[in-house]
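> please work out how this folds:
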Amino acid sequence: MITEIKSTATTPHITLNYAKNIYLFEGESFPEDVNDYFDPIMQPLEDHLRKLQNGNIQMDFFLTYFNSASTKVFFNLFSLLEDVSEFNSVTVNWKYHAEDDTAEEFGQEFKEDLVNVEFNFVAI
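Predicted structure coming up:
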């Protein structure tokens, strides 16, 4: 099953490929109500990942801008990835424009709390 949510002026493009365990968050994220936007996306994703055993999970992020409310959502997502890495192989690909030091620094902050997750920085 694949869930695809097209981007808007304030929300990212999201692709959740549950069959292959490949997930993409791309674009800008500053929805007016972050909970209304992300809760219907994150709850099924969390349910799926928590049931997964011996899987290979790949999470790709290419976020050019996100607000503080979105940051909290992403921190929670990274915490979930760390939790499920006990029974799965988890890889995060943090993509950013090579000249965007801020995006790279946010990736570094997200990575700090991850022990068992492979975290790759991909400058584009």
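> extract the C-alpha trace of stretch 33-53 and format it as CSV.
Coordinates of the C-alpha atoms in stretch 33-53 are reproduced here as CSV (Å, rounded to 0.1, in the frame of the first residue of the first chain):
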residue,chain,number,x,y,z
ASP,A,33,-2.6,23.4,12.4
VAL,A,34,0.2,20.9,12.6
ASN,A,35,-1.8,18.3,14.5
ASP,A,36,-4.7,18.4,12.1
TYR,A,37,-2.3,17.9,9.2
PHE,A,38,0.1,15.3,10.6
ASP,A,39,-1.9,13.2,13.0
PRO,A,40,-3.8,11.3,10.3
ILE,A,41,-0.5,10.6,8.6
MET,A,42,1.6,9.7,11.6
GLN,A,43,-0.7,7.5,13.5
PRO,A,44,-1.0,4.8,10.7
LEU,A,45,2.8,5.1,10.1
GLU,A,46,3.5,4.6,13.8
ASP,A,47,1.1,1.6,14.0
HIS,A,48,2.8,0.0,11.0
LEU,A,49,6.3,0.6,12.2
ARG,A,50,5.7,-0.7,15.7
LYS,A,51,4.4,-4.0,14.3
LEU,A,52,7.3,-4.4,11.9
GLN,A,53,9.9,-7.1,12.8
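> report the buried residues of that stretch.
34, 37-38, 41-42, 45, 48-49, 52 (16 or more other C-beta atoms under 10 Å). Any C-beta I mention is one placed from the backbone N, CA and C, and that applies to glycine too.
> cool, stretch 9-26 as well?
Across stretch 9-26, burial judged by 16+ other C-beta under 10 Å covers 11-12, 14, 16, 21-26.
> residue furthest from the geometric center of this structure?
Glu99 (21.3 Å; C-alpha atoms, centre = their mean).
> sec struct for it, please.
Taken by DSSP: H, G, I helix; E, B strand; the rest coil, the conformation at Glu99 corresponds to coil.
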